[in-house]
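Sequence first, then the predicted structure, then my questions.
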Amino acid sequence: MTSPPALAAYACDPLRSRGRLHAEPEDPTRSAFQRDRDRIIHSTAFRRLEYKTQVFVNHEGDHYRTRLTHSLEVAQLARSMSRALDLNEDLAEALALAHDLGHTPFGHAGEDALKEAMRDFGGFDHNAQTLRILTRLEHRYASFDGLNLTWEALEGIAKHNGPVSSPPRAMAEYVKTHDLGLLSYASAEAQLASLSDDIAYNNHDIDDGLRSGLFTIGQLTELPFVREAFDAVRAQYGDLEEPRLVHESIRRMIHAMVLDALTETRTRLAAQGVGSVEEVRALSSPVVAFSGGMEITIRSLKSFLMTHMYRHYRVNRMTSKARRVVRDLFAFFMEEPQCLPPEWQKLSGAPGSQQAAETVADFIAGMTDRFAIDEHERVFNVRERT
């Protein structure tokens, strides 16, 4: 297996990978990072993303983003931008596809509820849960638990948002046996996957928010960056019907963010003079980034979405129900672990113990939206068949 063509000196080369925790023979048809990507795609956790929410609970509509469609959109951005920067596309794609595997049902509402439920047991963090899934909870291979991904893939997941000085319990436990260098930055590919996540969810939440009627184009175009995009589309195409207007405008916003990130990243790479992936990790700030002006723009977009979408009363009502479902299920299974499915009972330990809490959290975090709702019905509705 040869190196991918035209890799930059600061890119991750699969031939120089630090390897896997459990040694395996190399594949004759795929690089190490291509195998990582393929293992993620074929995992149970990846399939479950189809029925895990972004903002809207799964049953609310067929056209809203799910964790799966979001992950695919992030992967597309990460791969395209990696190619432009001569980074390793396969590693960036793998990280993009895996980045949301640890999310609970019901998005951040579910995570908040599970974090509160786990407060006395080391807390809960979706990024650490992703690492737990990839290294322990997937049971597919005869020789090991997890997916046995490369060091570079696991590093990129662990340091999804930069260096980790106070790792969550699950992550801290893992790195005792497999050091992922948590105090440094991750590779440029990992940084790019994280930035692609920002581009995707900001723009696509705008699309979903408009589609759902949570806010209007008039409200949205009070933001200068957005108004410029919509005005440019109207100037070129005249009076378009709203779906085309929205799509064309969001395309331009994504394009502007991508070009800004590529320009800023090239500037930083040149200024730092990095010549290897180790030099990227050793820097005191990310090398893949937006410009200062675009950072301000993105903060304004996030603020708008927080006010007009994430805290909209319709969303609040659904997230309140979602938190209740997660709280109820956690309390019930902690008190009565004998009501867990048999394969989970074996792992649960004594009621109220640390082991029981981690097992219940793993069980709930792995649920899809619809499974969690159905399980709540099965457990608490006396007329519902178990």
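Structure's in. What do you need? Numbering: from 1, shown residues only.

that's a helix at Ser184, yeah?
No. Applying DSSP: H, G, I helix; E, B strand; the rest coil, one finds Ser184 to be coil, outside a helix.

That one reaches Val280, doesn't it?
No. In this structure, Ser184 is not within contact of Val280 by Cβ atoms under 8 Å, at 9.2 Å. Any C-beta I mention is one placed from the backbone N, CA and C, and that applies to glycine too.

Neighbour count for the two, which is higher?
Higher neighbour count among Ser184 and Val280: Val280, with 26 against 17, using other Cβ atoms under 10 Å.

ok, now which ones touch the more buried one?
Neighbouring residues of Val280 by Cβ atoms under 8 Å, 6 or more residues apart in numbering: 10, 185, 187-188, 274, 287.

Kindly state the pLDDT recorded for Ala6?
pLDDT recorded at Ala6 is 83.

you'd agree it is in a helix?
No. Under three-state DSSP, Ala6 sits outside any helix and is assigned coil.

Quick check: closest non-adjacent residue to it.
Asp86 (5.4 Å; Cβ to Cβ, 6 or more residues apart in numbering).

For burial, what's the neighbour tally of that neighbour?
A count of nearby residues for Asp86, using other Cβ under 10 Å, gives 16.

Torsion angles phi and psi at it?
For Asp86, the backbone dihedrals are phi 60, psi 30 (criterion: degrees, to the nearest 10).

Quick check: the gap between it and Ala92.
The spacing between Asp86 and Ala92, counted by Cβ to Cβ, to the nearest Å, is 12 Å.

Give me the buried positions along the biggest helix by length in the chain.
Counting residues, the longest helix found in the chain (DSSP state H) is helix 242-272. In terms of neighbour count (16 or more other Cβ atoms under 10 Å), helix 242-272 has its buried residues at 245-246, 248-250, 252-254, 256-258, 260-262, 264-265, 268-269, 272.

Kindly report the same for stretch 319-328.
Neighbour counts over stretch 319-328 (16+ other Cβ under 10 Å) mark 319, 322-323, 325-328 as buried.

hmm, who's touching that stretch?
The set of residues external to stretch 319-328 that reach it, using Cβ under 8 Å, 6+ apart, is 57, 104-110, 112-114, 116-117, 364, 369, 372-373, 376, 379-380.

Stretch 350-362 now?
114, 117-118, 120-122, 124, 129, 132, 137, 170, 330, 333-337, 340, 344, 347-349.

In which helix or strand does Ala170 reside?
helix 169-175 (DSSP states H and E).

tell me which residues of that helix are tucked away?
Neighbour-count burial for helix 169-175, with 16+ other Cβ under 10 Å as criterion, is recorded at 169-171, 173-175.

Ala11 versus Pro168, what's the distance?
When distance is defined by Cβ to Cβ, Pro168 is 29 Å away from Ala11.

can you check Ala128 too?
According to Cβ to Cβ, Ala128 stands 27 Å off from Ala11.

what's the spatially most central residue of the chain sitting at in phi/psi?
Nearest to the geometric centre of the chain sits Asp100, at 2.9 Å (Cα atoms, centre = their mean). In terms of degrees, to the nearest 10, the main-chain angles of Asp100 are phi -110, psi 10.

of the contacts of stretch 350-362, buried ones?
Using 16+ other Cβ under 10 Å as the burial test, those include 114, 117-118, 121-122, 124, 129, 132, 137, 170, 330, 333-334, 337, 340, 344, 348 as buried.

avg pLDDT for the helix or strand hosting Ala92?
Assigned by DSSP H and E, Ala92 falls within helix 89-98. Across helix 89-98, pLDDT averages out at 98.

cool, and stretch 286-302?
Rounded mean pLDDT across stretch 286-302 is 98.

Show me the contact partners of that stretch.
With Cβ under 8 Å, 6+ apart as the criterion, stretch 286-302 contacts 10, 162, 185, 188, 191-192, 194-195, 198, 202, 206, 223, 225-226, 256-257, 260-261, 263-265, 268-269, 272, 274, 280.

Can you pull the domain assignment for this protein?
As assigned by automatic domain parsing, the chain contains the domains 31-175, 188-311, 315-380.

for those domains, which one ends up most surrounded?
Among these, ranked by average contacts under mean count of other Cβ atoms under 10 Å, first place goes to domain 31-175 (a mean of 21).

What is the distance between it and the centre of its chain?
The chain centroid and the centroid of domain 31-175 are separated by 5 Å under Cα atoms, centre = their mean, to the nearest Å.

what do you get for stretch 305-323?
20 Å.

Which stretches in the chain count as strands?
For the chain, no strands turn up when DSSP state E is the criterion.

Run through it and note the low-pLDDT ranges.
1-5, 54-63, 384-386 (pLDDT under 70).

again, only using 80
Counting by pLDDT under 80, the chain shows low-confidence ranges at 1-5, 54-65, 382-386.

re earlier: make CSV out of the domains of the chain and add distance to Ser17.
Shown next, in CSV, are the domains of the chain (distance: least, Cβ to Cβ, whole Å):
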stretch, distance to Ser17
domain 31-175, 5
domain 188-311, 10
domain 315-380, 28
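
Let me know which of those domains is the nearest to Arg20.
Proximity to Arg20 (Cβ to Cβ) singles out domain 31-175 among the domains of the chain, at 5.0 Å.

what's the first-to-last distance across the closest one?
25 Å (Cα to Cα, to the nearest Å).

hey, where'd the helices end up in the stretch 101-250 of the chain?
Along the stretch 101-250 of the chain, the stretches classed as helices by DSSP state H, counting those that start in this stretch are 107-117, 126-132, 151-158, 169-175, 188-212, 217-220, 224-237, 242-272.

To Leu77, which of those lies closest?
helix 188-212 (3.9 Å).

Next, the angle from the closest one to helix 151-158.
Angle, helix 188-212 to helix 151-158, by axes from the mean of the first three to the mean of the last three Cα atoms, to 10 degrees: 40 degrees.

what helices or strands is helix 188-212 leaning on?
Under the contact definition 3 or more Cβ pairs under 8 Å, 6 or more residues apart in numbering; DSSP states H and E, helix 188-212 sits against helix 67-85, helix 89-98, helix 151-158, helix 217-220, helix 242-272, helix 292-305.
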